[in-house]
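S.K.: Here's my sequence, what's the structure:
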Amino acid sequence: MKIRQENTLDNETDPSRRTGMRDNGLFGGIYGMAFLGALVYYMQQAATFWSGVLGFFKAVFWPAVLMYKLLEYLKM
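M.R.: Next up is the predicted model:
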C-alpha cells in the first residue's frame, strides 16, 4: 500500500502565507538611523546615569511626538 503525500508548502516557503511585517524595510531603516542618531546625541548630553536613561526613552519616542506635532501643524 502506497501512502500519498500532499504537496503542501509551509509558511516559510510560501510567500502568500507569510504573516507579520511586509515591505517595511525602508521606514524601519530610517527609524533605526534616526533612533541611533538621537540616542548618540542624548547620551552625549547626559551628565548622570538617570539623564542617560531619560535620553534613551526620548530617543525611542521622539518620532511619535514629531509626527503628532507635524499632523497637528498641518491640521490633519
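S.K.: From here on, just use CA atoms for contacts and neighbour counts.
M.R.: OK.
S.K.: show me where the chain has helices.
M.R.: Along the chain, counting by DSSP state H, helices occupy 25-45, 49-73.
S.K.: With mean neighbour count added, can I get those in TSV?
M.R.: Shown next, in TSV, are the helices of the chain (neighbours: other CA atoms under 10 Å):
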stretch	mean neighbour count
helix 25-45	14
helix 49-73	13
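S.K.: Lowest average confidence across the ones you listed, which one?
M.R.: Mean pLDDT is lowest for helix 25-45 out of the helices of the chain, coming in at a mean of 84.
S.K.: got the CA coordinates for it in PDB?
M.R.: In PDB, the C-alpha atoms belonging to helix 25-45 read as follows (Å, rounded to 0.1, in the frame of the first residue of the first chain):
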ATOM      1  CA  GLY A  25      12.300  47.800   5.300                       C
ATOM      2  CA  LEU A  26      12.700  51.500   4.200                       C
ATOM      3  CA  PHE A  27      10.800  53.000   7.000                       C
ATOM      4  CA  GLY A  28      12.400  50.600   9.600                       C
ATOM      5  CA  GLY A  29      15.800  51.600   8.400                       C
ATOM      6  CA  ILE A  30      15.000  55.300   8.500                       C
ATOM      7  CA  TYR A  31      13.600  55.000  12.000                       C
ATOM      8  CA  GLY A  32      16.600  52.900  13.100                       C
ATOM      9  CA  MET A  33      19.100  55.500  11.800                       C
ATOM     10  CA  ALA A  34      17.100  58.300  13.400                       C
ATOM     11  CA  PHE A  35      16.900  56.400  16.700                       C
ATOM     12  CA  LEU A  36      20.700  55.800  16.700                       C
ATOM     13  CA  GLY A  37      21.400  59.400  15.900                       C
ATOM     14  CA  ALA A  38      19.100  60.700  18.700                       C
ATOM     15  CA  LEU A  39      20.500  58.100  21.100                       C
ATOM     16  CA  VAL A  40      24.100  59.300  20.500                       C
ATOM     17  CA  TYR A  41      23.000  62.900  20.800                       C
ATOM     18  CA  TYR A  42      21.100  62.300  24.100                       C
ATOM     19  CA  MET A  43      23.900  60.100  25.600                       C
ATOM     20  CA  GLN A  44      26.500  62.800  24.800                       C
ATOM     21  CA  GLN A  45      24.400  65.300  26.600                       C
END
